[in-house]
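1. task: produce atomic coordinates for the following.
(chains A and B)
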Amino acid sequence: MVTVGVLALQGGFSEHLSSLRKAAAHVSNPSSNFDFIEVRTPEQLARCDALIIPGGESTTLSLVAAQSGLLEPLREFVKVNKKPTWGTCAGLIFLSEQASAAKRGGQELIGGLNVKVHRNHFGRQKESFVTDLELPFLSQKSDDNPTTAAPFPAVFIRAPVVDRVLTDDIASVDDKAENIAPEVATQNSANQVQAPKGKVEILATLPGRHASNKAAEASVEGAETQTVAPKGAGDIVALRQENVFGTSFHPELTDDIRIHVWWLEQIAKSYE
Amino acid sequence: MTGNDASNASAASNGTAIPSSSKSDFIVKAGLAQMLKGGVIMDVTDAAQARIAEEAGACAVMALERVPADIRAEGGVARMSDPGKIKEIQEAVTIPVMAKARIGHFVECQILEALGVDYIDESEVLTPADDTFHVEKSPFKVPFVCGCRNLPEALRRIAEGAAMIRTKGEAGTGDVVEAVKHMRTVNRDIARAKSALQEGGDLAIRALAREFECDAALLKQTAELGRLPVVNFAAGGVATPADAALMMQLGCDGVFVGSGIFKSGDAAKRAKAIVRATTHFRDPKVLAECSEGLGEAMVGISVNSMKPEQKMAGRGW
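-> Modelled structure (predicted):
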């Protein structure tokens, strides 16, 4: 039995639980057995073999996690015990080593993905959108019968994107990799001391959004040296580093359970 | 996929009552409300209060010129806030900023949309601008939340395009009794719709829709889901962590706190406590901890002692 938790402090946790339950029936390894639970306390987290951190408000998530004595247990879960963890939207922010456009005074992050995210990247709610996204990792890779997955209906709600990968150990599933300028972190941030070392795999980019993105433009011109990848590179919206997976969009808000199935299959494999 | 899963509030997963052309628009509008669930939305009147709310863990703030308790005390016509106030609050925080427009005042809504607010509350707390029509909300890009006292009222607002619902309660009183009444009424109405569908199918749903004066397709969707097809928050009288947890246990998805925070003795402490109580709403030990030593709650007005014409919940239909 593999216990998968969904952090239920605030946000879209019931949607993830619902998607997970549907997805469990489609996991290809029939011997895999899943138990899905809501996680609000360190005791509940201790029961989990894997965890989803849902969308919500990232500032709320980190303040309530701190109040609930969950920050350190979460860091240990993700970075020391290296258990499979998936963050969507606010969850992706929470799992990043650094965030820009954070609230005044900054906000606590768990880390695990050696990247810098840009919060509310596309702007306010009227800039939220749904778009078809190519997700090569959902395609069948078998040699005899390779198939290309249909586009995924990706829901972006006040979404973040990954602005910078803070290591030069990068792999990308598509040809845009060369455009994504790696920047090795030089900040003396405390987080960087224990930043994860593994390869950052870029699993999906959203092409051509930068040109119309005033927020990103503004931050380039701002005081910070370079906070976004060069124009035309596409925004990184799905990535993985070792045990940590992040998406800036919300698969749990659609009927499409392919990413949930894929993630559960990865977990089933790792616990085989 | 039928969207019959009651634990999933996703309106997106059941498009039967929503025209497909605007479906992705609605997914995005209702989706933001889904991301607010389990959270507390706080009324704030300036940047300083907004920062206190954000630091306390509010999942959004409602920008307004006067909190309902003051609107009540001062009387006069209550209108949309000064855009300058809203901008000041937008600049101060990174969480979603909502703002109120008068019932039926679609130009105030156009202005709020132009300001880039993340949600518009077409609110009975302000003085209604139209005694016949609520705002036609679907054409707006910005999503709307509206108040209700019962299921029919909620479904009428959803039919107009509201992507989030809240109980009306009785704003500015600090008395939770009306919020409880409205939540229980919604729950009772949903139970009736469910049993109508089970016992009499579509015919019974149509008969009930006639009685409820609401859209039959939305009523059927509600009966199938066993809950409102959009996120439903509690509002109007929540003043303590226990009030918030009470509303959550009655089945709300989150809470609005209006005058309850900044009309109390220690706003920051109370705000944090209400946020914590909303997450751990089923854990009495945590609730006891966060209810302790909060200082003075807002004085409040007992709804029982009010004349009908003093109540705001009767505005709108």
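2. just the strands in chain A please.
-> A:2-7, A:34-39, A:50-53, A:85-88, A:96-100, A:113-118, A:129-133, A:152-156, A:161-165, A:170-172, A:200-206, A:235-241, A:244-247 (DSSP state E).
3. can you say which of the ones you listed is nearest to chain B?
-> Closest to chain B of the strands of chain A is strand A:129-133 (Cβ to the nearest Cβ; 4.1 Å). (Glycine included, C-beta is placed from N, CA and C.)
4. now the closest one: how far from the chain's centre is it?
-> 17 Å (Cα atoms, centre = their mean, to the nearest Å).
5. does chain B sit close to it?
-> Yes: under the criterion of Cβ under 8 Å from any Cβ of the partner chain, strand A:129-133 makes contact with chain B via A:F129, A:V130.
6. adjacent strands (with direction) for that strand?
-> Strand pairing for strand A:129-133, determined by DSSP bridges: strand A:152-156 (antiparallel).
7. do me a favour and average the pLDDT over the partner strand.
-> Average pLDDT, strand A:152-156: 95.
8. so where's the stretch 201-317 of chain B shaky on pLDDT?
-> For the stretch 201-317 of chain B, applying pLDDT under 70 flags no range at all.
9. list, one by one, the residues from it near chain A.
-> Checking the stretch 201-317 of chain B against chain A by Cβ under 8 Å from any Cβ, the hits are B:K272, B:V275, B:R276, B:T278, B:T279, B:H280, B:D283.
10. so which of these comes closest to B:E153?
-> Nearest to B:E153 among those is B:T278, at 24.2 Å by Cβ to Cβ.
11. do I have it right that that closest one meets B:A244?
-> Yes: under the criterion of Cβ atoms under 8 Å, B:T278 makes contact with B:A244 at 4.9 Å.
12. which neighbours do these two have in common?
-> Counting by Cβ atoms under 8 Å, 6 or more residues apart in numbering or on different chains, the residues touching both B:T278 and B:A244 are B:V40, B:V255.
13. where does the prediction get shaky in chain A?
-> Where chain A drops to pLDDT under 70, the residues are A:30-31, A:140-146, A:173-194, A:208-233.
14. quick one: neighbours of the residue lying closest to B:P68 once chain neighbours are set aside, just the number.
-> Distances taken as Cβ to Cβ, 6 or more residues apart in numbering or on different chains put B:G172 closest to B:P68, at 3.1 Å, once the chain neighbours are dropped. The burial count assigned to B:G172 is 26, neighbours taken as other Cβ atoms under 10 Å in any protein chain shown.
15. can you confirm B:G172 is in a helix?
-> No: going by DSSP: H, G, I helix; E, B strand; the rest coil, the assignment for B:G172 is coil, not a helix.
16. tell me who's in contact with it.
-> With contact taken as Cβ under 8 Å, 6+ apart, B:G172 is in contact with B:V67, B:P68, B:A69, B:D70, B:I71, B:R72, B:V125, B:G258, B:S259, B:I301, B:M312.
17. I'd say the first one and B:D46 touch.
-> No: the pair B:V67 and B:D46 does not pass the contact test of Cβ under 8 Å, sitting 11.2 Å apart.
18. the two: who's more crowded?
-> Neighbour totals were compared for B:V67 and B:D46, and B:V67 leads with 26 against 14 (other Cβ under 10 Å).
19. pull out the buried residues from stretch B:221-241.
-> Within stretch B:221-241, the residues that count as buried by 16 or more other Cβ atoms under 10 Å in any protein chain shown are B:221-225, B:227-241.
20. can you list the residues of the stretch 51-200 of chain B near chain A?
-> B:51, B:54-60, B:92-96, B:113, B:116-119, B:141-143.
21. ok, now which ones touch A:D169?
-> Going by Cβ under 8 Å, 6+ apart, A:D169 touches A:K197, A:G198, A:K199, A:V200.
22. reformat the residues of the stretch 201-317 of chain B next to chain A as JSON lines; add neighbour count and secondary structure.
-> Below are these laid out as JSON lines (neighbours: other Cβ atoms under 10 Å in any protein chain shown; DSSP: H, G, I helix; E, B strand; the rest coil):
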{"residue": "B:K272", "neighbour count": "24", "secondary structure": "helix"}
{"residue": "B:V275", "neighbour count": "30", "secondary structure": "helix"}
{"residue": "B:R276", "neighbour count": "26", "secondary structure": "helix"}
{"residue": "B:T278", "neighbour count": "30", "secondary structure": "helix"}
{"residue": "B:T279", "neighbour count": "27", "secondary structure": "helix"}
{"residue": "B:H280", "neighbour count": "24", "secondary structure": "coil"}
{"residue": "B:D283", "neighbour count": "16", "secondary structure": "coil"}
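23. with adjacent residues omitted, what lies nearest to the residue nearest the centre of chain A?
-> Chain A has A:G246 as the residue nearest its centroid, 1.5 Å off, counting by Cα atoms, centre = their mean. Leaving aside its sequence neighbours, A:G246 sits nearest to A:L92 (Cβ to Cβ, 6+ apart; 3.9 Å).
24. residues near that neighbour, how many?
-> Neighbour count for A:L92, taken as other Cβ under 10 Å: 30.
25. that one against A:D163, yeah?
-> No: using Cβ under 8 Å, A:L92 is not in contact with A:D163, being 12.0 Å away.
26. need the residues touching each of those two.
-> A:V117.
27. who are the packing partners of the top helix by length along chain B?
-> Counting residues, the longest helix found in chain B (DSSP state H) is helix B:177-212. Judged by 3 or more Cβ pairs under 8 Å, 6 or more residues apart in numbering or on different chains; DSSP states H and E, helix B:177-212 is in contact with helix B:151-160, strand B:164-167, helix B:216-225, strand B:231-234, helix B:241-249.
28. which strands and helices lie in contact with the first helix or strand past the last one going along the chain?
-> Going back to what we said before, that points to helix B:241-249. Heading C-terminal from helix B:241-249, the first helix or strand you meet, by DSSP states H and E, is strand B:254-257. If you count contacts as 3+ Cβ pairs under 8 Å, 6+ apart, strand B:254-257 packs onto strand B:40-44, strand B:231-234, helix B:241-249, helix B:267-279.
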